[in-house]
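>>> take a look and give me a structure for this.
(chains A and B)
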Amino acid sequence: MISRHKIVFISFLICFLIIVCRLFYWQVIKSSEYGPKATNQTYKMNINKPNRGQIYSSDEFPLVINQTDYLLSIYKPNLKDNLELIYQKIDQIHPGFIQQNQNILDTFKNNDRQKWIDLTTFFNKAEADQLIQIPGISTNQLKSRYYPENNIGKNILGFIAKNSQGNYIGYGGLENYYNKQLQGKTGFSWGPQDGTGKTILSKKSWNLPAADGNNLYTSINRAVQYLVEKTITEGIEKYQADSASVSIMESSTGRLIAMASVAATSSATPSASKNPAISDLFEPGSIFKPIIMTMALDQKSINTDFICTECSHPRMIGEYTIGNWDNSLHPESTLKNIIKNSDNIGMSYIMTQLGLENFLKYYKKLGLNQKTGIDLQGESRPTLKTSWPEIDLATASFGQGIVVTQINMLQAFNTIANDGLLVKPTIVDYYTDYLNTAHPLKKKNSERIFSKESVSQMKEILKYAVENGVVNQFRPKNLEVCAKSGTAQVAVKGSYTDSATIASYIGFAPCNNPQFTMIVTINNPKSSPWGSSTAAPIWYDLASKINRLL
Amino acid sequence: MPKFFITIIISCLIIQILFSFFYSSQILTQNNQLNQNQTEINQLAIEVENLQKKASDLSSINHLNLSTPSASLVPIIKSLTIGP
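Below is the predicted model:
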């Protein structure tokens, strides 16, 4: 008779052996099949998203930073109160919530089959912390960009948005141009997780941390940028213009100090992805005259004793007549008077002396037929015509019939300010990587275009023209300025229209040791079409203030 | 023999249970610590973000402009002349 103890013992032993055999079967015999399945169930791959790099002004103030927003989801089955009450609770935490989402919330409330809703309203952390206390409500984190200076420099900065693959990328300005550097490198981690998704320590797990994007440090002076945007907004209203753009660069280095474009109505204001200062092509008009004159002086086609002996009458070229903007004539004009009076006839004769070949040589050396290469997305490439009949060459002497961008014009004019050396415009000075190591960006070497002597002569002419011209009334007494106004006709469908002009003013100050070179262009000012009475006052207003800020 | 065998098996079981309790509690403690640290890091990162946002808001030109009425600003008109 077997004792009961033995029966229990043998039963336990059999069960134990069965379990051991079963485990041996699963873990040893079938290990190749079940092993990977078990690993897949417990080991998870996580994507570690990097923080996008931030953008700073010249005083290291953040112009663009990251912020964490929270999006709200409501799940009906988990709600303990009725929806109307829930909406009111959310509205108390985030005033305006119901008003912003009225239609969606009504539809969700009335549709019994819809159990879940994701809303697009952004909540901050404090609000999200209160919201998740309400049963049935959950929040999701979302990284977005924040602009402490509000809309300042939006054409320069650009913005981020989702692309077709659902990834956030930069559009326009610096956000697009430096997208690769800003977005950083995604990290990955792989390891076991428990049922709630929490990491379990394991020797097998590995982690490749995300590398945050580089921070960009720009040359943008936020005080000047603010001032520029405020001044041109007021200027557009004052001169009843369609839009206006201003660009300012440091004369000796090409570092951009400010760049802004504003349109008259908010609906027409260029979006952050478009920057008219680098994308819009325009005929520069009379602001181009000093460049032509410097070419002629440098080439020694003319000298400072030049007298326009033919300026007593309009110039006839074939069927075309070249006259002056006010139909006046300035016989025996010197170079100083040609610039002071903005004499088209005198300029056309200087161009004849210079000749097409020399003109094109300097034009290309000044980079007027190509992009400047400024580190901003969206720069347009100017076109240069291939055939040059005599009349086209003559009109090019006063900036008609050629097209450039505002930044092209600024770069070329700055060559006069910078003693004949051409410097490329830049915005980013240096960047810091995720280890906070600073990396200065390589600057292109300056290139000599004009001799110091010819530039010095041109500076004297410009200074004389300012001090003896109508614009002198706007000039601060203590500021020595070398500048030129321009009023260009706008070509519409192949012919010039009288109904629209581009008024502009370009110059640098102080004349002998320039701190900045600035261009102001105003599209279609209706109070007065002339650059000297619209763009010039804005230029001097800004110059007097900038001079104190730099 | 059975007594000896039973003693061995029960001892093994007790040792294994004790070992797994000790070992798993250690793992659980470390895992909890890891998760707590990760949560704390995330919260601190968001806090840093918020503080940076607040600091930059308060020192932005926009804020200064709105909070300081221009009428209350007094232009500096005095100058100091230093000469022999």
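>>> Three-state assignment for the residue in the stretch 301-450 of chain A positioned nearest to chain B, please.
Residue of the stretch 301-450 of chain A nearest chain B, by C-beta to the nearest C-beta: A:Tyr434 (13.7 Å). In this view, the C-beta of every residue, glycine as well, is placed from N, C-alpha and C. Put simply, A:Tyr434 is coil when judged by DSSP: H, G, I helix; E, B strand; the rest coil.
>>> roughly how far apart are it and A:Asn207?
The gap separating A:Tyr434 from A:Asn207 is 15 Å, by C-beta to C-beta, to the nearest Å.
>>> who has more neighbours out of these two?
Between A:Tyr434 and A:Asn207, counting by other C-beta atoms under 10 Å in any protein chain shown, A:Tyr434 is the more crowded of the two (17 against 12).
>>> just give the nearest non-adjacent residue to the closest residue to chain A within chain B, would you?
Nearest residue of chain B to chain A (C-beta to the nearest C-beta) works out as B:Ser56 at 3.7 Å. Sequence neighbours aside, A:Pro148 is the residue nearest to B:Ser56 in space, at 3.7 Å (criterion: C-beta to C-beta, 6 or more residues apart in numbering or on different chains).
>>> burial count for A:Glu175?
29.
>>> part of a strand, is it?
No. The assignment for A:Glu175 (three-state DSSP) gives helix, which keeps it out of a strand.
>>> ok, it touching A:Lys154?
No. Using C-beta atoms under 8 Å, A:Glu175 makes no contact with A:Lys154, being 10.4 Å away.
>>> excluding residues flanking it in the chain, which one is nearest the residue at minimal distance from the centre of chain A?
With distances taken as C-alpha atoms, centre = their mean, the residue of chain A nearest its centroid is A:Ile156 (2.0 Å). Setting aside the residues directly before and after it, A:Ile156 is nearest to A:Gly173 in space (C-beta to C-beta, 6+ apart), at 5.1 Å.
>>> can you tell me who that neighbour pairs with across the strands?
A:Gln377 (DSSP bridges).
>>> any idea how far A:Thr265 is from it?
Relative to A:Thr265, and taking C-beta to C-beta, A:Gly173 is found at 22 Å.
>>> ok, A:Asn436 next?
44 Å.
>>> got the residues of chain A near chain B?
Proximity of chain A to chain B (C-beta under 8 Å from any C-beta of the partner chain) is limited to residues A:6, A:9, A:61-62, A:65-68, A:124-125, A:146, A:148-150, A:152, A:194, A:198-201, A:222-223, A:226.
>>> weed out the non-buried ones from those residues.
Buried positions within the residues of chain A next to chain B, assessed by neighbour count (16 or more other C-beta atoms under 10 Å in any protein chain shown), are A:9, A:61-62, A:65-68, A:125, A:146, A:148-149, A:152, A:199-200, A:222-223, A:226.
>>> still on that earlier bit, out of the residues of chain A next to chain B, which are inside strands?
A:62, A:65-68, A:146 (DSSP state E).
>>> list the contacts of the residue of chain A found nearest chain B.
Closest to chain B within chain A is A:Pro148: 3.7 Å, counting by C-beta to the nearest C-beta. By C-beta atoms under 8 Å, 6 or more residues apart in numbering or on different chains, the contact set of A:Pro148 is A:61-63, A:65, B:53, B:56-57, B:60, B:62.
>>> how does it look with 10 Å?
A:Pro148 is in contact with A:61-65, A:222, B:52-63, counting by C-beta atoms under 10 Å, 6 or more residues apart in numbering or on different chains.
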